[in-house]
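J.: here is a sequence together with a model predicted from it:
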Amino acid sequence: MTSQTILQLLLTLHITGFTMMAGPIIADFSVRRRLNRYLAGDKPRAMAMLDTTAGFPRLIGIGALLLVTTGIGMVVLLKGVVVQMLWFRIKMILVVLVGVNGSVVPRQNAAKLKLLLAENAPASDDRIGVLKDRMSLFHTIQFLLFLTIFVLSVFRF
């Protein structure tokens, strides 16, 4: 296998890992929007919808592992040349931010929302509103980070 073929394989798997990370975030966004409709009147359904997102972190973790390992493979194959480029350095900072933001915010909010649903807090409860706002901010930040990473990867400067 030539180094060019290996590079193309690594790049394909790298994009797959990126998709495995971004896809569940988009799905979570969609589920959360529907969940917000059920918070007021159908708490058992809201709880069930919240449970459907429980597997997303594992899928995101697998995607992140694939993304990081293939990224390291490409850097090694390219003999570290890419590490010296500004777009790559910015991209790495953004990847770390995606990981930190994605590992902290959703888990905390989901746990708090489950507690509020279990205690039958009314949908008008300010705590539920705060959680909804945090998740909206989380999704917006993640979308912007993923979009910026994608643009940096395509339009290397």
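T.: Structure received.
J.: pLDDT below threshold where in this structure?
T.: Across the chain, the ranges flagged by pLDDT under 70 are 157.
J.: pull out the buried positions in stretch 99-117.
T.: In terms of neighbour count (16 or more other C-beta atoms under 10 Å), stretch 99-117 has its buried residues at Gly99, Gly102, Val105, Pro106, Asn109, Ala110, Leu113, Leu116, Leu117. In short, each C-beta sits where N, CA and C put it, glycine included.
J.: please convert those residues to JSON lines, extending it with distance to Gly55 and secondary structure.
T.: Below are those laid out as JSON lines (distance: C-beta to C-beta, whole Å; DSSP: H, G, I helix; E, B strand; the rest coil):
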{"residue": "Gly99", "distance to Gly55": "18", "secondary structure": "helix"}
{"residue": "Gly102", "distance to Gly55": "14", "secondary structure": "helix"}
{"residue": "Val105", "distance to Gly55": "18", "secondary structure": "helix"}
{"residue": "Pro106", "distance to Gly55": "12", "secondary structure": "helix"}
{"residue": "Asn109", "distance to Gly55": "17", "secondary structure": "helix"}
{"residue": "Ala110", "distance to Gly55": "12", "secondary structure": "helix"}
{"residue": "Leu113", "distance to Gly55": "17", "secondary structure": "helix"}
{"residue": "Leu116", "distance to Gly55": "22", "secondary structure": "helix"}
{"residue": "Leu117", "distance to Gly55": "19", "secondary structure": "helix"}
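J.: what is the nearest of those to Trp87?
T.: Closest approach to Trp87 among those (C-beta to C-beta): Gly99, at 18.8 Å.
J.: contacting residues for the closest residue to that closest one other than its chain neighbours?
T.: Nearest non-adjacent residue to Gly99, counting by C-beta to C-beta, 6 or more residues apart in numbering: Ala64, 6.5 Å away. Neighbouring residues of Ala64 by C-beta atoms under 8 Å, 6 or more residues apart in numbering: Gly17, Met21, Gly99.
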